[in-house]
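> Sequence first, then the predicted structure, then my questions.
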Amino acid sequence: MAAAAQLSLTQLSSGNPTYEKYYRQVDTANTGRVLASDAAAFLKKSGLPDLILGKIWDLADTDGKGFLNKQEFFVALRLVACAQNGLDVSLSNLNLAVPPPRFHDTNSPLLISGTSASELPWAVKSEDKAKYDAIFDSLSPVNGFLSGDKVKPVLLNSKLPVDILGRVWELSDIDHDGMLDRDEFAVAMFLVYCALEKEPVPMSLPPALVPPSKRKTWVVSPSEKAKYDEIFLKTDKDMDGFVSGLEAREIFLKTGLPSALLAHIWALCDTKNYGKLSKDQFALAFHLINQKLVKGIDPPHILTPEMIPPSDRANLQKNIGSSPVADFSAIKELDTLNNELVDLQREKNNVEQDLKEKEDTLKQRTSEVQDLQDEVQRESTNLQNLQAQKQQVQELLDGLDEQKAQLEEQLLEVRKKCSEEAQLISSLKAELTSQESQISTYEEELAKAREELSRLQQETTQLDCWSLKQT
């Protein structure tokens, strides 16, 4: 029981108010304990064999007190749910996700989850239906339907929690068309009034609440039934009209589905918890198996009204409300309320500790998020600065590229002019050399001419002197 003691009431019930509803039915005086006789009478309504119920009681009442406190009763309920869903009755399975346990009870149609709709009178009484119809008409339906916007104010006016109202809408919108017709609106109002009376809103619509206009026939078609009946006859070795788990084991495993899933399908179809299947139940089991193999559709947590075999519907209706009384063990001296108070205090401390840890984690996460936001801001600023610097450098680079191109063009022009000047200088040098050569020649010829002139002048002088002498 150590593992079970560590689980809170919320964990054991998975937050489903049905557990609290069941507990209030057995502890009407709010004493904090459930006597063995009261627990036995209530748990018997689960339809489980006495052997299984005895094991559940032993696991819940490990101290042999002869009564259960609230947490222990929740453990018993959880184990009943495990058994009804084909799981072992073991404390190790308390953490597994299972739908709430089902108990036959005629006090409320919301607690009838396994009966057939087609055989039951509608839970909405005629006088209530007339009242709901008047409200429906006052909301100005269009073509016989009310949209969610028109229904919403009526639901919110009930002051029920939003999650409860959301489930009311999902359950009452049977056609899933986002609108409510007259009958669906009556279902919604019925669920709202039940919730106001502290009735838990079920997870799926009970058969007794399905309007007669929306009740369906069996999901197994006649052709399927004929085919599965042939398989049934071959599997029913002892020809007793039932197929036991041992007889069905081989043919079930040949489908290739996981054993846990097959066990769940078996538990769904074994509506009477006999440990064997009738011909109709066998056909339903193979229908669910075929749905999974061919269409990938998982079997439901509980059978919907149109799934329940026709042969089981009348029997299920007759069984509703039966409450045989049995005892699990000898009733011992009652302990004081301290055990319950200790359990409540422990749960409170656990919740407070869990809340503190979550708050600390929230602060830490908030700080981490803030740090990351600051870092993102810094990096964003750095990125903007780098992008600005990149733009500036790019502009400088573009300017240098343009300047380089201009200088290269100027360089080519200068080199061209240099080449031209060099050619001109070379030509002038050649011409200078030629002129110098000519000047040298002229100077030599001039010198010779001068010498010749001087000689001629001397000869002239001599001749003049000679002439004078002759005279």
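Here it is on my side, so go on. This is a predicted model, so every value here is computed, not measured.
> can you pull the buried residues of the one helix or strand residue 58 maps to?
Applying DSSP states H and E as the criterion places residue 58 in helix 50-60. Applying a neighbour-count criterion of 16 or more other Cβ atoms under 10 Å, one finds 52-57, 59-60 buried in helix 50-60. For the C-beta atoms, the positions are set from N, CA and C on the backbone; glycine is no exception.
> list the helices and strands whichever helix or strand comes after that helix packs on?
Using DSSP H and E, the next helix or strand after helix 50-60 towards the C-terminus is strand 67-69. Judged by 3 or more Cβ pairs under 8 Å, 6 or more residues apart in numbering; DSSP states H and E, strand 67-69 is in contact with strand 33-35, helix 36-43, helix 338-470.
> neighbouring strands for strand 67-69, and are they parallel or not?
Partners of strand 67-69 in the sheet, by DSSP bridges, are strand 33-35 (antiparallel).
> I'd like the distance from the partner strand to the chain centre, please.
The chain centroid and the centroid of strand 33-35 are separated by 40 Å under Cα atoms, centre = their mean, to the nearest Å.
> Rounded mean pLDDT for it, please.
Averaging pLDDT along strand 33-35 gives 87.
> Buried residues in that strand, which are they?
Burial within strand 33-35, assessed by neighbour count using 16+ other Cβ under 10 Å, is assigned to 33-35.
> Repeat that for stretch 264-272.
Using 16+ other Cβ under 10 Å as the test for burial, stretch 264-272 gives 264-271.
> Check what contacts it and list those residues.
47, 84-86, 114, 245, 248, 252, 276-277, 281-282, 284-285, 288-289, 299-300, 302-303, 307-309, 312, 315-316 (Cβ atoms under 8 Å, 6 or more residues apart in numbering).
> List buried residues within these.
Neighbour-count burial (16+ other Cβ under 10 Å) applied to those gives 47, 84-86, 114, 248, 252, 276-277, 281-282, 284-285, 288-289, 299, 302-303, 307-309, 312, 316.
> which stretches of the stretch 151-300 of the chain have low pLDDT?
Low-confidence segments of the stretch 151-300 of the chain (pLDDT under 70): 203-204, 207, 216.
> where exactly do the strands run in it?
Remark: strands assigned in the stretch 151-300 of the chain by DSSP state E, counting those that start in this stretch are 179-180, 243-244, 276-277.
> Distance from the chain centre to stretch 282-300, please.
Using Cα atoms, centre = their mean, the distance from the centre of stretch 282-300 to the centre of the chain it belongs to is 25 Å.
> Stretch 415-422 too?
Put simply, stretch 415-422 sits 83 Å off its chain's centre (Cα atoms, centre = their mean).
> tell me the mean pLDDT over that stretch?
Mean pLDDT, stretch 415-422: 92.
> Residue 78 versus the residue nearest the centre of the chain, what's the distance?
Centroid-nearest residue in the chain, with Cα atoms, centre = their mean: residue 97, separated by 16.6 Å. Here the criterion is Cβ to Cβ, to the nearest Å. By it, residue 97 lies 11 Å from residue 78.
> now the buried residues of helix 50-60 as CSV including pLDDT and distance to residue 13?
As requested, the buried residues of helix 50-60 are arranged in CSV below (pLDDT from 0 to 100; distance: Cβ to Cβ, whole Å):
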residue, pLDDT, distance to residue 13
52, 85, 21
53, 86, 20
54, 84, 23
55, 88, 21
56, 91, 16
57, 89, 19
59, 90, 17
60, 88, 14
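> circling back to that earlier point, CSV for the helices and strands packed on strand 67-69, including distance to residue 133?
What follows is the helices and strands packed on strand 67-69, written out as CSV (distance: least, Cβ to Cβ, whole Å):
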stretch, distance to residue 133
strand 33-35, 42
helix 36-43, 37
helix 338-470, 45
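> which one of the ones you listed lies closest to residue 237?
Shortest distance between residue 237 and those, using Cβ to Cβ, is found for helix 36-43: 34.0 Å.
> In the closest one, which residues are buried?
For helix 36-43, the neighbour count (16+ other Cβ under 10 Å) marks 36, 38-43 as buried.
> Stretch 430-444 too?
Applying 16+ other Cβ under 10 Å to stretch 430-444 flags no residue as buried.
> hey, C-alpha coordinates of that stretch in CSV?
Taking Å, rounded to 0.1, in the frame of the first residue of the first chain, the C-alpha atoms of stretch 430-444 are listed here in CSV:
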residue,chain,number,x,y,z
ALA,A,430,68.3,61.8,-84.1
GLU,A,431,67.6,65.2,-85.8
LEU,A,432,70.0,66.9,-83.3
THR,A,433,72.7,64.4,-84.1
SER,A,434,72.2,65.0,-87.8
GLN,A,435,72.3,68.8,-87.3
GLU,A,436,75.4,68.6,-85.2
SER,A,437,77.0,66.5,-87.9
GLN,A,438,76.1,69.1,-90.5
ILE,A,439,77.3,71.9,-88.3
SER,A,440,80.7,70.2,-87.9
THR,A,441,80.9,69.7,-91.7
TYR,A,442,80.0,73.4,-92.2
GLU,A,443,82.5,74.5,-89.7
GLU,A,444,85.2,72.4,-91.4
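> Contact partners for the residue lying closest to residue 42 once chain neighbours are set aside?
Counting by Cβ to Cβ, 6 or more residues apart in numbering, residue 42 lies nearest to residue 26, which is 5.0 Å off, once chain neighbours are set aside. Residue 26 makes contact with 34, 38-39, 42, 73, according to Cβ under 8 Å, 6+ apart.
> Dump the residues you listed to a markdown table, plus distance to residue 392.
Converted to a markdown table, the contacts of residue 26 look like this (distance: Cβ to Cβ, whole Å):
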| residue | distance to residue 392 |
| --- | --- |
| 34 | 82 |
| 38 | 86 |
| 39 | 84 |
| 42 | 83 |
| 73 | 77 |
